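**Q** Following is a predicted model, sequence given first.
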Amino acid sequence: MTCPEFDWKGFVLDEAPAPERRRMEEHLASCAACREETESLRLTLTAMRRLPAREIPRRISFVSDPVFEPSWWQRFWSSAPRLGFASAAMLSVAILAHGVATRGGAGAPQGAPQGAAQVEAQVQAEVDKRLSSTVEQKLQAQLKPAMNDLAARIQEFEKRAGEQREADLRDVKSAFTLLDKRVSNVYLTAARYGGD
């Protein structure tokens with residue numbers, strides 16, 4: 001806990017008068033809690049200065065609003081299965097084009113048991129199967145730590161919020177107790193002197 005006689009916010013914002021500032025600097029050399037408080041305030045100030053200046057919103061937006069929806073192009077490129085499908089389709093077209101080009105436009109070679117469409121379908125099925133399993137494994141490997149981290153942060157936030165709520169309730173209760181005592185004193189004083 002920091003020392004109450006100093007205004008560390010004014011110190012960090014360079015608003016403290018020069019004699020007071022010298023006294024605060026001398027105190028900082030000996031007090032670790034106050035040093036930690038000023039470092040925290042400086043870090044906050046630095047973070048706030050790095051934020052881009054934005055216009056104040058005219059209304060509150062929610063994540064479900066259409067403003068936050070990505071364009072179709074962003075949705076396509078951020079979707080691993082769609083990207084895998086597009087890659088597999090391009091690979092299939094390249095294989096088919098290569099097959100047609102190497103044949104020289106002549107008919108199918110003798111002894112070819114399957115047509116080009118069947119070969120293309122088999123290649124496409126195999127490519128899809130391998131790509132989807134690989135993409136899914138990578139996606140799961142990336143999502144699992146992120147989800148665990150998010151769950152831990154939510155639990156920590158709920159814990160802090162509960163502690164803060166309990167502290168606020170204690171403060172309110174003590175304030176009401178103090179107010180009740182003062183009102184009782186006023187009534188006793190009034191009764192003692194015969195006033196209303």
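**A** Received it, and whenever you're ready, just let me know what you need. Bear in mind the structure is a predicted one, so any value in this text is a computation, not a measurement.

**Q** What's the biggest helix in this protein, counting residues?
**A** helix 116-192 (DSSP state H).

**Q** what's that helix packed up against?
**A** Applying 3 or more CB pairs under 8 Å, 6 or more residues apart in numbering; DSSP states H and E, one finds that helix 116-192 contacts helix 80-103. Where you see a C-beta, it was placed from the backbone N, CA and C, and this is true even at glycine.

**Q** by how many degrees do the helix it packs on and helix 116-192 diverge?
**A** Interaxial angle of helix 80-103 relative to helix 116-192 (axes from the mean of the first three to the mean of the last three CA atoms, to 10 degrees): 170 degrees.

**Q** Kindly export helix 80-103 (C-alpha atoms) in PDB.
**A** Extracted as PDB, the C-alpha positions of helix 80-103 are listed here (Å, rounded to 0.1, in the frame of the first residue of the first chain):
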ATOM      1  CA  ALA A  80      -9.200 -23.300 -42.900                       C
ATOM      2  CA  PRO A  81     -11.600 -25.900 -44.400                       C
ATOM      3  CA  ARG A  82     -12.600 -23.500 -47.200                       C
ATOM      4  CA  LEU A  83      -8.900 -22.700 -47.900                       C
ATOM      5  CA  GLY A  84      -8.100 -26.400 -47.900                       C
ATOM      6  CA  PHE A  85     -10.900 -27.100 -50.300                       C
ATOM      7  CA  ALA A  86      -9.700 -24.300 -52.700                       C
ATOM      8  CA  SER A  87      -6.200 -25.700 -52.500                       C
ATOM      9  CA  ALA A  88      -7.400 -29.200 -53.300                       C
ATOM     10  CA  ALA A  89      -9.500 -28.000 -56.200                       C
ATOM     11  CA  MET A  90      -6.600 -26.100 -57.700                       C
ATOM     12  CA  LEU A  91      -4.400 -29.200 -57.300                       C
ATOM     13  CA  SER A  92      -7.000 -31.300 -59.000                       C
ATOM     14  CA  VAL A  93      -7.300 -28.900 -61.900                       C
ATOM     15  CA  ALA A  94      -3.500 -28.800 -62.200                       C
ATOM     16  CA  ILE A  95      -3.300 -32.600 -62.300                       C
ATOM     17  CA  LEU A  96      -6.000 -32.800 -64.900                       C
ATOM     18  CA  ALA A  97      -4.400 -30.100 -67.100                       C
ATOM     19  CA  HIS A  98      -1.000 -31.900 -66.800                       C
ATOM     20  CA  GLY A  99      -2.700 -35.100 -67.900                       C
ATOM     21  CA  VAL A 100      -4.300 -33.500 -70.900                       C
ATOM     22  CA  ALA A 101      -1.200 -31.700 -71.900                       C
ATOM     23  CA  THR A 102       1.100 -34.700 -71.700                       C
ATOM     24  CA  ARG A 103      -1.200 -36.800 -73.800                       C
END
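
**Q** any residues touching that helix, and which ones?
**A** With contacts defined as CB atoms under 8 Å, 6 or more residues apart in numbering, helix 80-103 is touched by 76-77, 109, 116, 119-120, 123-124, 127-128, 131-132, 135-136, 138-139.

**Q** Roughly how far does Ala116 sit from Gly84?
**A** 23 Å (CB to CB, to the nearest Å).
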